[in-house]
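A.B. asks: Here is the input, now give the coordinates:
(3 chains)
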Amino acid sequence: MEVEYSGETMTLNMGPQHPSTHGVLRLELKTDGEIVAEAVPHIGYLHRCFEKHAENVDYAGVVPFTDRMDYCAAMNNELGYVLTVEKLLGIKVNNRVRCLRVIMAELNRIASHLIAAGTYGNDMGSFTPFLHCFRDRERILDLFEETCGARLLYNYNWVGGLMFDVKPGFEDRVIEFVDYFEPLIADLNRLLSHNYIFIKRTAGVGILPPEVAISYGVTGPNLRGSGVKFDVRKDDPYLGYEEFDFDIPIGKGEFGPIGSCYDRYMVRIWEVKECLKIIRQAVKMLTPGDVQESIPKRIKPPAADVYMRTECPRGEMGYYIVSDGGLKPYRVKVKSPCFTALSALPYMARGAMIADIIAIIGSIDIVLGEIDR
Amino acid sequence: MSEYFKDIGRTIVTSYYSMWVAFKHLFTRSVTLQYPTVKMEMPERTRARLFNKIEDCIGCGQCARVCPTDCIDIQTEKRGKEEPEIFASDGTAIKLRTYVFDIDMTLCCYCALCVFPCPTLCLVMTPAYEYSVYDKRDHVYHFAVDKPLTAKATKEPQSTKA
Amino acid sequence: MESIRQLLQMIPRFGELPQSFQIFCALLASCVVILVLALVCVLYLVWMERKVSAHMQDRLGPMYVGGWHGWAQTIADALKLLLKEDIIPAEADGLLYRVAPVLVFVAAFAATAVLPFGAQSIVTDLNIGVLYVVAITSLSVVGIIMAGWASNNKYALYGGMRGAAQIVSYEIPAAVAIMTVVILVGSLSMQDIVRAQLGGIHRWFLFRNPFTFGAFFVYFICSLAEVNRTPFDIPEAESELVAGYHTEYSGMRFAFFYLAEYVNMIVVAGVATTLFLGGWSQVLPARWGPQLIPGPVMFTAKVIALIFVQMWLRWALPRLRVDQLMYVCWKVMLPFAFVLLLGSGFLAVYWK
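C.D. replies: Take a look at the predicted model:
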């Protein structure tokens, strides 16, 4: 909506403590009545000096810290870091490690998207899908808990392998979960995604055209919601993703211009279906083996620097590691996908109403732990 | 004009579907566990409170070295030649006397990196998750039982840092 | 009220007092009875809402307080609210801040005076009963604006303004939908409307003619907006404005707003039952069998059914945005209400 602002603007602070800002985000809104003239995000309330900590512990000790950045999708964070260090060291892992890593990453992607969908429904006023999503997510967390002992922050992906091998019967339990969950997506759609009130709230709001999205550097479901077919798993594959058969869903713009909040939300729901496909194929590809055979006794990489990117549920996460030849990294820099998505918020928020700001923040699915690190 | 009626129709139909799903769930079983009368079975690999079997500890300090948050504090001294030889349960000789072995669970990040390097596997993560206390200092667990013999100036054990 | 007056006659020498004083005492007594009933009902409605929402969300709700499924939970919550510290913001407008919750509650509660629970169970059968209800429930708008303004809080102000706009706009289609029934009955008195529907389920206005069938849905949806229930709960949108116009209230003052919301639900469901579902009339016509269920029980059952539907809507549907809410009111509800009124008018004139 392009509107001319004639009157005085009122500064409204959606402060760090707010039920809908998905973490400690401070939004300074200049509003004219209900319409927002300008939205300036202020971050840093959750800064925990991850990159400084990473310089003081050895390579294996950084993994628990990477968990805690994007705490909703810890397996994917660990995976990114571990793949970067393995690239630096030149380690190749065996097929069992590779398939288990894929299964865990995709399960965590489903869990993360369930949080995104549930909390988005909560912001929109529909409180029931939140509970349903969390009920299903609990089953994923049970699977993780029996494997590595933790429900949210795993420390499971280690440099060169995994912490534990999965328990016998894990493949059956995973397939059981996949079979249980697939029909429930239709239920969630009927309850929330296809509800016309929800569609009216989200379609046509927060439009991010594809060129603007690319120029801001937005990645992940936010970019795919704008219609750009880009996914690191297909365009720059790692972990053997080229062997899996899955689709990249993009926003279709069926209820309004492409790149709206509704498109981004639906991309996440369609991605969950694709994750289920990948998990089924990965379980079939599992071969017996030792998950700890490639773990080096002491991680002392050569003095070099390396960059590696992976597809996290929130976008493309990149790790840039500079090593000086010692036991501890010299510098670990993280490229956080939510940070770039949040930087596009002022663009999307021009001309929106306050209720729409909530819709936009929910649709870009930010986790402040990753933005502030 | 037809858009107007289509909108209204779509709203009514989709609202009906949402209400139907919500109504269906009125009759499904609840997934709530009535904690604390009913507790969930914790899997055996659950990572909760740390426990160290001090009789098996050889005082190597590998766990403290590996901990990313420095929550384990170990202070040892060499056992004298005249003292009897003691062994851990798996036969390893214990050459050091550990007189301070403190684990501060408020610093622990439950990563279990300390469990793996232990040569005698005496440090484990137990499934005990109900250990809230009234004083923060009670979260520092003192596992050592020996007392230091030589009069070396020992640095303040972690327990007094409240 | 009359029955209470008969009851009071049992007190020795009561019958000798002047007539107007007797009526005054009877009215006072019936108001106290209604107040107590309404408050007890509200306690159980809050419990019912928590249980209904919990089971729709696959969880259990209150289970502990009082033993069986936590039936005493609301009593415990009310006690807690009473014991809370009464915080008044320093910059708040003192008098307005204190009066606002009282006004909202009084507006809601005063409307229960004309709800016909049974043939004789009504506090007072005003001959302008329907008009009285519509007028008194509008008083809550004043209370909401006062609450929003006096809190000295931008969020509360937003909530208050939105609330006022919403309630005032939705009164019009609601009143027009009520007119649909009043035209057919020819009287504004609540008991007259119920008596026009006696004689079985086919005589209820819901099923009698297609125009009042539509008017029921128009009235029900508009009444949801009057009560600020989802999908129209923008003024108290928990996730957007923290808590809207009652952000700054704590303790018993907050409890007043909360009670007022539930009493409003009872009033609105009561009016819908009286007008469209036959009030205290029976389901079966008189000639099919004995009228076993007493009037108040029928009325209560219908009111609880409607309240259940209100709760069901709250937990199933997302929220409408403010401008969409206004669009629905002025461009959808109002034209439909007018068309239904026209149709009902035709029927009233040409088809007795």
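
A.B. asks: Regarding A:Leu88, what is its secondary structure?
C.D. replies: What DSSP: H, G, I helix; E, B strand; the rest coil gives for A:Leu88 is helix.

A.B. asks: was I right about it contacting A:Tyr307?
C.D. replies: No. A:Leu88 is not in contact with A:Tyr307 according to Cβ atoms under 8 Å; the separation is 10.1 Å. (C-beta placed from N, C-alpha, C; glycine too.)

A.B. asks: These two: who's more crowded?
C.D. replies: Counted by other Cβ atoms under 10 Å in any protein chain shown, A:Leu88 and A:Tyr307 do not tie: A:Leu88 has more neighbours, with 21 against 13.

A.B. asks: Tell me how far the more buried one lies from A:Lys52.
C.D. replies: Separation of A:Leu88 from A:Lys52 (Cβ to Cβ, to the nearest Å): 20 Å.

A.B. asks: Per-residue confidence, the residue nearest to A:Leu327 when sequence neighbours are not counted, what does it come out as?
C.D. replies: Nearest non-adjacent residue to A:Leu327, counting by Cβ to Cβ, 6 or more residues apart in numbering or on different chains: A:Asp58, 5.0 Å away. At A:Asp58, the pLDDT value in this model is 90.

A.B. asks: neighbours of A:Asp58, just the number please.
C.D. replies: Close neighbours of A:Asp58, defined as other Cβ under 10 Å, add up to 18.

A.B. asks: Now do the contacts for it.
C.D. replies: By Cβ atoms under 8 Å, 6 or more residues apart in numbering or on different chains, the contact list for A:Asp58 reads A:299, A:327-328, B:66.

A.B. asks: how about JSON lines for these, with neighbour count and secondary structure added?
C.D. replies: Shown next, in JSON lines, are the contacts of A:Asp58 (neighbours: other Cβ atoms under 10 Å in any protein chain shown; DSSP: H, G, I helix; E, B strand; the rest coil):
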{"residue": "A:Ile299", "neighbour count": "22", "secondary structure": "coil"}
{"residue": "A:Leu327", "neighbour count": "14", "secondary structure": "coil"}
{"residue": "A:Lys328", "neighbour count": "17", "secondary structure": "coil"}
{"residue": "B:Val66", "neighbour count": "19", "secondary structure": "helix"}
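
A.B. asks: In CSV: these, plus distance to C:Thr212 and pLDDT.
C.D. replies: What follows is those, written out as CSV (distance: Cβ to Cβ, whole Å; pLDDT from 0 to 100):
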residue, distance to C:Thr212, pLDDT
A:Ile299, 78, 89
A:Leu327, 82, 91
A:Lys328, 79, 92
B:Val66, 77, 91
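
A.B. asks: tell me the mean pLDDT over the helix or strand C:Trp149 falls within?
C.D. replies: Assigned by DSSP states H and E, C:Trp149 belongs to helix C:139-150. In this model, helix C:139-150 has an average pLDDT of 87.

A.B. asks: Give the buried residues for that helix.
C.D. replies: Neighbour counts using 16 or more other Cβ atoms under 10 Å in any protein chain shown place C:140-141, C:143-150 of helix C:139-150 among the buried residues.

A.B. asks: How about stretch C:178-190?
C.D. replies: In stretch C:178-190, counting by 16+ other Cβ under 10 Å, buried: C:178-185, C:188-190.

A.B. asks: Ok, stretch A:51-58 next?
C.D. replies: For stretch A:51-58, the neighbour count (16+ other Cβ under 10 Å) marks A:53-54, A:57-58 as buried.

A.B. asks: Among those residues, pick out the one closest to B:Glu82, please.
C.D. replies: Nearest to B:Glu82 among the buried residues of stretch A:51-58, counting by Cβ to Cβ, is A:Asp58 at 38.4 Å.

A.B. asks: Tell me how far that closest one lies from chain C.
C.D. replies: 43 Å (Cβ to the nearest Cβ, to the nearest Å).

A.B. asks: Distance check, that residue against A:Val332.
C.D. replies: 12 Å.

A.B. asks: Over to A:Leu89?
C.D. replies: 15 Å.

A.B. asks: What residues of stretch C:188-201 count as buried?
C.D. replies: Across stretch C:188-201, burial judged by 16+ other Cβ under 10 Å covers C:188-200.

A.B. asks: To clarify, my last question referred to stretch A:345-353.
C.D. replies: A:345, A:347-349, A:352-353.

A.B. asks: ok, now stretch B:87-107?
C.D. replies: So stretch B:87-107, judged by 16+ other Cβ under 10 Å, has buried residues B:88, B:94, B:96-105, B:107.

A.B. asks: Kindly report the same for stretch C:251-261.
C.D. replies: Taking 16+ other Cβ under 10 Å as the criterion, stretch C:251-261 shows C:253-261 as buried.

A.B. asks: In helices, which of these fall?
C.D. replies: Using DSSP state H, C:253-261 are the members of these that sit in helices.

A.B. asks: closest to chain B among those residues?
C.D. replies: Closest approach between those and chain B, by Cβ to the nearest Cβ: C:Glu261, at 20.6 Å.

A.B. asks: Just name whatever secondary elements whatever helix or strand C:Val349 lives in is in contact with.
C.D. replies: With secondary structure defined by DSSP H and E, C:Val349 is part of helix C:334-350. Packing partners of helix C:334-350 (3 or more Cβ pairs under 8 Å, 6 or more residues apart in numbering or on different chains; DSSP states H and E): helix C:154-185, helix C:210-226.

A.B. asks: Tell me which of those lies nearest to chain A.
C.D. replies: Comparing the helices and strands packed on helix C:334-350 by Cβ to the nearest Cβ, helix C:154-185 comes nearest, at 5.7 Å.

A.B. asks: Please see if that closest one touches chain B.
C.D. replies: No. Judged by Cβ under 8 Å from any Cβ of the partner chain, helix C:154-185 and chain B are separated, with a smallest distance of 14.0 Å.

A.B. asks: Quick one: residues contacting the single nearest residue of chain B relative to chain C.
C.D. replies: Using Cβ to the nearest Cβ, the closest approach of chain B to chain C is made by B:Ala22 at 3.8 Å. Each residue near B:Ala22 by Cβ under 8 Å, 6+ apart is listed here: A:128, A:191, C:56, C:312, C:315-316.
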